[in-house]
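**Q** Let me see the structure of the following:
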Amino acid sequence: MDGVTDDASAPYCAAPAAADTTLTALAPAGPAAGPRADCVLCGETTEHPVGTPGSTQCPRCAWQQAQRGACSG
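**A** Next comes the predicted model:
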C-alpha cells in the first residue's frame, strides 16, 4: 500500500473550525436589512434583499422550479 496509512488517529474528515462554518452570504438577511425583492415569477415578496444579484424567487416558486427540473430528465 504505497503512501496509504492505516493510522486511526489521523484526522481524515475533521470538522472545520467554528470560524469557517459561518454562512452569512447564504443566509437570508435579518429584519434590519431593508426592503425585500419581489419574486420574478409570481411577484410575491421574497426573503432576499432588493440588492440580491440574480433572479430572486419566493420559496414556493423555487420549489416548483426544482420539481420541474428534477422531473424533466
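**Q** Low-confidence stretches in this protein?
**A** 1-12, 14-33, 72-73 (pLDDT under 70).
**Q** Tell me where it has strands.
**A** Assigned by DSSP state E, the chain shows strands spanning 36-38, 45-49.
**Q** Distance to Ala70 and mean neighbour count added to those, as JSON lines?
**A** (Each C-beta comes from the backbone N, C-alpha and C, glycine too.) As requested, the strands of the chain are arranged in JSON lines below (distance: least, Cβ to Cβ, whole Å; neighbours: other Cβ atoms under 10 Å):
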{"stretch": "strand 36-38", "distance to Ala70": "25", "mean neighbour count": "17"}
{"stretch": "strand 45-49", "distance to Ala70": "21", "mean neighbour count": "16"}
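**Q** and of these, who's closest to Cys13?
**A** Nearest of the strands of the chain to Cys13, taken as Cβ to Cβ: strand 45-49 at 31.9 Å.
**Q** Skip the chain neighbours and tell me the closest residue to Cys58.
**A** Nearest residue to Cys58, sequence neighbours excluded (Cβ to Cβ, 6 or more residues apart in numbering): Cys39, at 4.1 Å.
**Q** Trp63 and Gln57, how far apart?
**A** Applying Cβ to Cβ, to the nearest Å, the value for Trp63 to Gln57 is 9 Å.
**Q** actually Ala37, sorry about that
**A** Ala37 sits 9 Å away from Gln57, going by Cβ to Cβ.
**Q** any common contacting residues for these two?
**A** In terms of Cβ atoms under 8 Å, 6 or more residues apart in numbering, Ala37 and Gln57 are both contacted by the residues Thr46.
**Q** hmm, back to that, would you turn the strands of the chain into a markdown table with distance to Gly69?
**A** Shown next, in a markdown table, are those (distance: least, Cβ to Cβ, whole Å):
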| stretch | distance to Gly69 |
| --- | --- |
| strand 36-38 | 22 |
| strand 45-49 | 19 |
